[in-house]
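Undergrad: One predicted model, sequence on top.
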Amino acid sequence: MSFKDIAQIAGSAMSAQTVRLNTIASNLANADAASGAEDSTYRARKPVFASIFQLDAQGEPRGAAVQVLDVVKSTEPLRKVHQPGHPLADDEGNVLYPNVNPVEEMTDMLSASRAYSTNVEVLGRVNSMQLELLKLGQ
């Protein structure tokens with residue numbers, strides 16, 4: 001496996017984790033967005049990742065990059081809160097809130113951030129190794 005292959009794999013992972021962090025930020029930003037109707041209430045979203053296996057000329061695996069297939073909406077039920085005085089309350093006094101769990105989102109954010117940082121470290125190591133190789137020729 002070449003340095004270029006390693007860098008591409010790490011780059012794909014960083015790109016995927018960026019989508020994951022962006023999705024988490026969107027979920028957290030909308031966690032308390034009230035709504036009066038189910039169809040207009042924000043629903044939590046999650047990215048769906050897939051591995052892309054790379055083969056060399058002999059058909060041997062060179063590694064597996066990652067790609068984002070989609071960002072899907074959660075099917076979990078929305079939060080219904082009884083707030084009769086709220087301007088968005090329905091006839092029964094209920095207000096709908098997104099199905100976002102802030103604790104789960106924060107945990108996912110830490111995981112995504114750590115995965116991103118790990119791949120930055122991989123890229124740094126690859127660059128260092130390439131520089132060391134260049135020094136050998138001097």
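TA: Now that the structure is in, tell me what you want to look at.

Undergrad: and the longest helix seen in the chain, what other elements does it pack with?
TA: In the chain, with assignment by DSSP state H, the single longest helix is helix 102-136. Helices and strands touching helix 102-136, by 3 or more CB pairs under 8 Å, 6 or more residues apart in numbering; DSSP states H and E, are helix 3-29. For every residue, glycine as well, the C-beta is placed using N, CA and C.

Undergrad: quick one, the helix it packs on and helix 102-136 angle?
TA: Calculated by axes from the mean of the first three to the mean of the last three CA atoms, to 10 degrees, helix 3-29 forms an angle of 160 degrees with helix 102-136.

Undergrad: Name the residues that touch the helix or strand just after helix 3-29?
TA: Proceeding N to C from helix 3-29, the next assigned helix or strand is strand 45-55, under DSSP states H and E. The contact list for strand 45-55 (CB atoms under 8 Å, 6 or more residues apart in numbering) reads 5, 12, 16, 19-20, 23, 26-27, 61-74.

Undergrad: which of these count as buried?
TA: The neighbour count (16 or more other CB atoms under 10 Å) marks 12, 16, 20, 23, 26, 27, 62, 63, 65, 66, 68 as buried among these.

Undergrad: can those go into CSV with extra columns for distance to residue 113 and pLDDT?
TA: Below are those laid out as CSV (distance: CB to CB, whole Å; pLDDT from 0 to 100):
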residue, distance to residue 113, pLDDT
12, 17, 95
16, 13, 97
20, 9, 98
23, 13, 98
26, 16, 98
27, 15, 98
62, 28, 76
63, 23, 82
65, 20, 91
66, 16, 94
68, 17, 96
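
Undergrad: could you dump the residues you listed to CSV with distance to residue 111?
TA: Shown next, in CSV, are those (distance: CB to CB, whole Å):
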residue, distance to residue 111
12, 17
16, 12
20, 8
23, 13
26, 17
27, 14
62, 26
63, 22
65, 19
66, 14
68, 16
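
Undergrad: Now the longest helix of the chain: buried residues?
TA: In helix 102-136, the ones that count as buried by 16+ other CB under 10 Å are 105, 108, 109, 112, 115, 116, 119, 122, 123, 126.

Undergrad: cool, stretch 31-45 as well?
TA: Buried, per 16+ other CB under 10 Å, within stretch 31-45: 31, 34, 35, 41, 42, 43, 44, 45.
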